[in-house]
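Colleague: what would the 3D arrangement of this be:
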Amino acid sequence: MARLPEDDVQLAADRRQAARLAAERARIASDAFRRHGADWDEMRALELPAEAIEAALLEALPSRAGRILDIGTGTGRLLEVLAPRAESLLGVDASRDMLALARARLAERGLGAHCAVRQADMYRLPLPDAGFDVVTLQMVLHYAEDPAAALAEAARVLRPDGLLLILDLAPHDRGELLDRHAHRWPGFDDAGIAGWLGPAGCAPLAPTLIPGPLAVRLWPARRLAVPVAAVPALTF
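Modeller: Numbering: from 1, shown residues only. Reported below is the predicted structural model:
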């Protein structure tokens, strides 16, 4: 990539097209949010078993979880669910509108003392290394342009032996979700998730299947104490 000329006409055209596609996807997601407003809940929209999903997440957590980071927190529902288990919680999201709803939810439930939210890019979290005991990504990864990079960044802010919890759709053939809900991926399988976790420095644990109209899986993983060695670059 470094050898490609920056002023190449085709590359410049590709970059413009990529920017247009990214802007269009962002518009679609924003329009979906505006249509549903405060009532938006993806699990409800997809008829997923919300209670079973939340129970599986709680089952995977220790009784006291320390500091928890929820990436892609949306309206803050997961912060509310996990609050009794944590010393402190931080939810991050790219959407200011979603964060406004999350702040209102936390204030209404009296959770402002140890729960906070802030705007952040999941690929460049403005957070220090190894700062959290648990990191969660619930129904987030299927929106990611680069899931491997998102998981690597999640692992970076996780302390050694910390717990990473990824909850997302299993592989499905509901192609309309890619358009209607701006999904980027039609679910994930165990091998794909494990293939991203290894280079991120995490050891996969046994996944949990949560059946429903669309199958959901919970992939837990532990942050390794010793970083994974980088794969050497190919030379020619």
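Colleague: and the closest residue to Leu224 other than its chain neighbours, what pLDDT?
Modeller: In this structure, Leu224 finds its nearest non-sequential neighbour in Gly201, 5.1 Å apart by C-beta to C-beta, 6 or more residues apart in numbering. In this view, the C-beta of every residue, glycine as well, is placed from N, C-alpha and C. Gly201 is assigned 96 on the pLDDT scale.
Colleague: counting neighbours, what do you get for Gly201?
Modeller: 22 (other C-beta atoms under 10 Å).
Colleague: what does Asp97 give?
Modeller: Counted with other C-beta under 10 Å, residues neighbouring Asp97 total 15.
Colleague: same check on Ala113?
Modeller: When neighbours are counted by other C-beta under 10 Å, Ala113 registers 9.
Colleague: now Glu51: phi and psi?
Modeller: In this entry, Glu51 is assigned phi and psi values of phi -60, psi -40 (degrees, to the nearest 10).
Colleague: just use 9 as the starting number from now, easier for me
Modeller: Done: numbering now begins at 9, and the last item shifts to Glu59.
Colleague: and it, what pLDDT?
Modeller: For Glu59, the pLDDT comes out at 90.
Colleague: same question, Arg52
Modeller: Looking at Arg52, its pLDDT is 68.
Colleague: cool, the one 4 residues further on as well?
Modeller: Here the pLDDT value assigned to Leu56 is 82.
Colleague: same question, Ala237
Modeller: 43.
Colleague: all helices of the chain, in order?
Modeller: Under the criterion DSSP state H, helices of the chain are mapped to 17-44, 50-53, 58-68, 85-90, 104-116, 155-164, 184-188, 198-205.
Colleague: ranking these by mean pLDDT, which is last?
Modeller: helix 17-44 (a mean of 60).
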